[in-house]
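# this one's structure only:
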């Protein structure tokens, strides 16, 4: 039990070893310290690529621990919000430095928990360090620049009132990252929350929990270095582990939860309905169509689809999940895509392959069910990419002749099976793309810039990529969805704005007053 955890503990990184118990369990971060749960119970996650092997063991926290965590985080936030901006930024930058220095140590845990290649795992840790550093700097830019509004802009009013406008923190922000980016998408929530003067109460994904805890450990270590091990500010970073079905509602409906930032699947719809009148950032997945016009650059299309659809086994909210290709070029596009996909390496993530196992048996079962439904309705797996499954390892498949009645055209498969639908016009493609329940991202391939803009305008999506596959990032870009894909925008500046609110102070003058140079 906890083999990888023990290796992390022995790696000579003190702030990481503090998170791990003597028997390899990861501890929870509650009330400003690392501890075992009073429940006496733990939750084990297995490696997706080897289901008989344990990836990590974390605490199963209780309702009373959650309540205490909120109370201590709320009390700490009242002090943290009074820490000068520059010092909050320094703590976050220091955490980024710690995280970057331990990238080689944390990466194997990501690989074990969520079946990400070692290279991709290290890239995620480094990207998160970059994100935290940018967040620290952006918070200073955004939060130090309030505004003054004079009353005489409104008709019939003289300059007798001055409104001083600033952004202020909300309180305790509940941060719920997904399994596929348990470090980076945790950082994209925690960083802006803390930089803005909030406390961050984190609920890691069940698969990927130890990886998220490693990020929290870096932030906690930076806080200890700045304020001391006994500081009552430390609970501004809190990490509660447990199964979502057991503790999710306790976290998102708690009276001290002042905002929720959630990335995940349809569970988010339930979270949004139950949470009450608090700000929400919700990213709940997408179908992310690629629309291939008849004048598209075919080599660019092929490379974009192969990468966009099959990177990390297609387990990305922004993966290309359906292709609508003009019938005049469909044969060539599909053949060349299949040729590209057939060259992808398949196997274990430790070997840095292109395609490894999906996250769980239930996920693999879902993907296989969508594949079988498509085949039953007339779709054909390209000869170069036949369907093959070895437990959670699904070999990549290109599906041709997919009818629009197939479930995979509109349901999010989150795996390495790609449906291609032949269309008579881009107008038909847009109608199909807009008819689904999601609207996260889309992409359009055409050589005409004017046409690309006009097509993008017609697509119901939070972001439309032109001549490139969907992507989240760079991390300062806005990232949002429409329909069931989410609420609000992410991206560093946009997250800071979502995790703060406007407060105005009005100075009433005894008579009109106009400044002069």
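Done, it's in. Keep in mind it's a predicted model, so treat the numbers as computed, not measured. Numbers count the residues shown, from 1 in each chain.
# For residue 192, see how far away the residue nearest in space to the middle of the chain is.
The centroid of the chain falls nearest to residue 185 when counting by CA atoms, centre = their mean (3.7 Å). For residue 185, the distance to residue 192 equals 12 Å [CB to CB, to the nearest Å]. Heads up, the C-betas are built off the backbone N, CA and C, glycines and all.
# and what of residue 137?
Residue 137 is 12 Å from residue 192, by CB to CB.
# what does residue 41 give?
Relative to residue 192, and taking CB to CB, residue 41 is found at 33 Å.
# So between residue 137 and residue 192, which is more surrounded?
Counted by other CB atoms under 10 Å, residue 137 and residue 192 do not tie: residue 192 has more neighbours, with 34 against 14.
# The more buried one reaches residue 136, doesn't it?
No: applying CB atoms under 8 Å as the test, residue 192 and residue 136 come out as separate, 10.0 Å apart.
# hang on, residue 397 packs against residue 389?
No: Residue 397 lies out of contact with residue 389 (CB under 8 Å); the separation is 10.1 Å.
# which of the two has more neighbours?
residue 397 (24 against 14).
# how about that one, what does it touch?
Taking CB atoms under 8 Å, 6 or more residues apart in numbering, we find residue 397 in contact with 341, 371, 381-382, 385-387, 416-418.
# Quick check: nearest residue in space to it, chain neighbours excluded?
residue 417 (4.5 Å; CB to CB, 6 or more residues apart in numbering).
# Kindly provide the distance from residue 501 to residue 333.
Distance from residue 501 to residue 333, by CB to CB: 48 Å.
# and the two? which has more neighbours close in?
Between residue 501 and residue 333, counting by other CB under 10 Å, residue 333 is the more crowded of the two (21 against 14).
# List the buried residues in the helix or strand the more buried one falls within.
Per DSSP states H and E, residue 333 falls inside helix 330-342. By neighbour count on 16 or more other CB atoms under 10 Å, the buried set for helix 330-342 is 330, 333-334, 336-338, 340-342.
# The residue nearest to residue 15 when sequence neighbours are not counted: what's it in contact with?
Excluding the flanking residues, the one nearest residue 15 by CB to CB, 6+ apart is residue 221, at 3.5 Å. With contacts taken as CB under 8 Å, 6+ apart, residue 221 has the following neighbours: 15, 18, 95, 98.
# Switch those over to CSV; also include pLDDT and secondary structure.
Formatted as CSV, the contacts of residue 221 follow (pLDDT from 0 to 100; DSSP: H, G, I helix; E, B strand; the rest coil):
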residue, pLDDT, secondary structure
15, 95, helix
18, 93, coil
95, 98, helix
98, 98, helix
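# Most neighbours among the residues you listed, which one?
residue 95 leads the contacts of residue 221 on contacts (other CB under 10 Å) with 32 neighbours.
# So that residue sits against residue 131, correct?
No: with contact defined as CB under 8 Å, residue 95 does not count as touching residue 131 (11.1 Å).
# mind listing the strands for the stretch 51-200 of the chain?
147-150, 161-169, 172-176, 199-202 (DSSP state E, counting those that start in this stretch).
# Is it possible to get JSON lines of the ones you listed that adds mean pLDDT and distance to residue 276?
Compiled in JSON lines, those are given as follows (pLDDT from 0 to 100; distance: least, CB to CB, whole Å):
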{"stretch": "strand 147-150", "mean pLDDT": "98", "distance to residue 276": "30"}
{"stretch": "strand 161-169", "mean pLDDT": "98", "distance to residue 276": "19"}
{"stretch": "strand 172-176", "mean pLDDT": "98", "distance to residue 276": "12"}
{"stretch": "strand 199-202", "mean pLDDT": "98", "distance to residue 276": "16"}
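# how about CSV for those strands, with mean neighbour count and distance to residue 302 added?
Below are the strands of the stretch 51-200 of the chain laid out as CSV (neighbours: other CB atoms under 10 Å; distance: least, CB to CB, whole Å):
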stretch, mean neighbour count, distance to residue 302
strand 147-150, 12, 49
strand 161-169, 16, 46
strand 172-176, 30, 36
strand 199-202, 30, 40
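# Looking at the ones you listed, which is nearest to residue 11?
Ranking the strands of the stretch 51-200 of the chain by proximity to residue 11 (CB to CB) places strand 199-202 first, at 22.7 Å.
# Just checking the distance from the closest one to the centre of its chain.
In this view, strand 199-202 has its centroid 16 Å away from the chain centroid, taken as CA atoms, centre = their mean, to the nearest Å.
# The longest helix along the chain to strand 161-169, inter-axis angle?
Ranked by residue count, the top helix of the chain under DSSP state H comes out as helix 118-143. Angle, helix 118-143 to strand 161-169, by axes from the mean of the first three to the mean of the last three CA atoms, to 10 degrees: 160 degrees.
# List the buried residues of helix 118-143.
118, 120-136, 138-140, 142-143.
# And for stretch 280-294?
Quick answer for stretch 280-294 (16+ other CB under 10 Å): 280-293.
# How far off centre is it?
The answer for stretch 280-294 is 14 Å, by CA atoms, centre = their mean.
# Repeat that for stretch 458-474.
The answer for stretch 458-474 is 16 Å, by CA atoms, centre = their mean.
# How far does that stretch stretch from one end to the other?
Counting by CA to CA, to the nearest Å, you get 24 Å between the two ends of stretch 458-474.
# buried residues in that stretch?
Of the residues in stretch 458-474, 459-465, 467, 469-472 count as buried by neighbour count, 16+ other CB under 10 Å.
# Sort out for me which of the residues you listed are in strands.
463-465 (DSSP state E).
# packing partners for the longest helix of the chain?
Counting contacts by 3 or more CB pairs under 8 Å, 6 or more residues apart in numbering; DSSP states H and E, helix 118-143 is packed against helix 85-101, helix 103-114, strand 161-169, helix 184-195, helix 492-498.
# Which strands or helices does the first one pack on?
What that stands for is helix 85-101. Against helix 85-101 (3+ CB pairs under 8 Å, 6+ apart) you get helix 118-143, helix 184-195, helix 209-227.
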